[in-house]
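Undergrad: With the input below, show me the fold.
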Amino acid sequence: MPIDMESLEIGAEYVRDTLAPLLGYKSRQAISRGIVTPVDENIIILFVTKIKQKSDTQYHDYFIEEGLLHMEGETSHTNDKRIINAEANKDLIYLFYRDIHHTPFKYYGRAFLVDYKQYSDKPSIFILSTSVNQALSASALSTEQNKTNSVEINFIADEEGATKTRIHVSYERSIKNRTKAIEIHGTTCKACGFKFNEFYGEDLANNFIEIHHTVPLSELKEGTSINSLTDLVPLCSNCHSMIHRRRNRVMTVVELQSIIKAQKYSSK
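TA: Below is the predicted model:
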């Protein structure tokens, strides 16, 4: 019988002895590992413990911020590719998490891969989100970083031996603000109507969109509150570049829309 993860209550606490029969296993030993991949199921179940027993491998697993998890893969690297290719293979990832060993796990439901760094000589690092919109926001931000070599926010520390992943939760690059903006405005470019999914296909684009600050960051005072409804706008990469094209000021979205409309009219 297929495993029914939807029958579990998000936010509820479970112990392995209780979970084993619910997941179709005879005993807790079958799910005693940190990463469980049931046979013939498109399911990856993560059991993550922040503070582990001294006898266990001391993986560095913790929530960077609410809903954004830093997890190290197995030293054997057995399931690295399975996690990395989860979306392409239509595998669903489910998360159980606890702060300390020998306590119940809290069930978070679906988890979504945001970023990763694969290693062969040490545990790979995975950044996962418990919110699909947060995952889209964080993933888009990671893509922007790779494109611009930005170091303002680092999901994954590059320094050898680093045990912490630093994430600067501030107004200028707040994932929470970006997540809210996507919830409000969606992932269609507000200037030209471009949709990454339609053009590049959902497998590659995965609802990618860049988020534009209507008030330039350089003009904001430290601690300024951002209104995701009025201060943040989804733009495609081209429109985001063009709106910043003038050296003396940042154009408004309405101005850019007028330019795009005029160009379409003149080309007819």
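Undergrad: for the chain, longest strand please?
TA: Ranked by residue count and defined by DSSP state E, the top strand of the chain is strand 105-117.
Undergrad: Mind giving me the packing neighbours of the helix or strand following that one?
TA: Downstream of strand 105-117, the next assigned helix or strand under DSSP states H and E is strand 125-129. Other helices and strands packing on strand 125-129, by 3 or more CB pairs under 8 Å, 6 or more residues apart in numbering; DSSP states H and E, are strand 68-72, strand 105-117, helix 132-148. Quick note: C-beta positions are derived from backbone N, CA and C, even for glycine.
Undergrad: coming back round to it: let me know the angle separating the longest strand of the chain from helix 132-148.
TA: 20 degrees (axes from the mean of the first three to the mean of the last three CA atoms, to 10 degrees).
Undergrad: Buried residues of strand 105-117, list them for me.
TA: 105, 107-116 (16 or more other CB atoms under 10 Å).
Undergrad: tally of neighbours for Ile259?
TA: Counted with other CB atoms under 10 Å, residues neighbouring Ile259 total 14.
Undergrad: cool, and Lys54?
TA: Neighbourhood size, Lys54 [other CB under 10 Å]: 6.
Undergrad: List the residues that contact it.
TA: By CB atoms under 8 Å, 6 or more residues apart in numbering, Lys54 lies in contact with nothing.
Undergrad: so Ile127 makes contact with Tyr116?
TA: Yes. Using CB atoms under 8 Å, Ile127 is in contact with Tyr116, at 6.7 Å.
Undergrad: Where does pLDDT dip in the stretch 1-150 of the chain?
TA: In the predicted model, the stretch 1-150 of the chain carries pLDDT under 70 at residues 1, 144-150.
Undergrad: domain assignment for the protein?
TA: Domains of the chain are assigned by automatic domain parsing as 5-169, 172-266.
Undergrad: before we move on, back to that, partners of the longest strand of the chain in the sheet?
TA: Counting by DSSP bridges, the strands paired with strand 105-117 are strand 13-14 (antiparallel), strand 92-100 (antiparallel), strand 125-129 (antiparallel).
Undergrad: Tell me which of those sits most buried.
TA: strand 125-129 (a mean of 24; mean count of other CB atoms under 10 Å).
Undergrad: out of everything not next to it in sequence, what's closest to Lys122?
TA: Leaving aside its sequence neighbours, Lys122 sits nearest to Thr75 (CB to CB, 6 or more residues apart in numbering; 7.8 Å).
Undergrad: And for Leu23?
TA: Leu23 sits nearest to Ile3 (CB to CB, 6+ apart), 5.4 Å away.
Undergrad: Surely that neighbour touches Tyr25?
TA: No. The criterion here is CB under 8 Å, and Ile3 misses it with Tyr25 at 9.4 Å.
Undergrad: re earlier: adding distance to Glu183, write the helices and strands packed on strand 125-129 out as TSV.
TA: Below are those laid out as TSV (distance: least, CB to CB, whole Å):
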stretch	distance to Glu183
strand 68-72	16
strand 105-117	15
helix 132-148	5
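Undergrad: The ones you listed: which one's closest to Ile175?
TA: The closest of these to Ile175 is helix 132-148. By CB to CB, the value is 5.2 Å.
Undergrad: tell me what that closest one is packed against?
TA: strand 105-117, strand 125-129, helix 175-185, strand 210-213.
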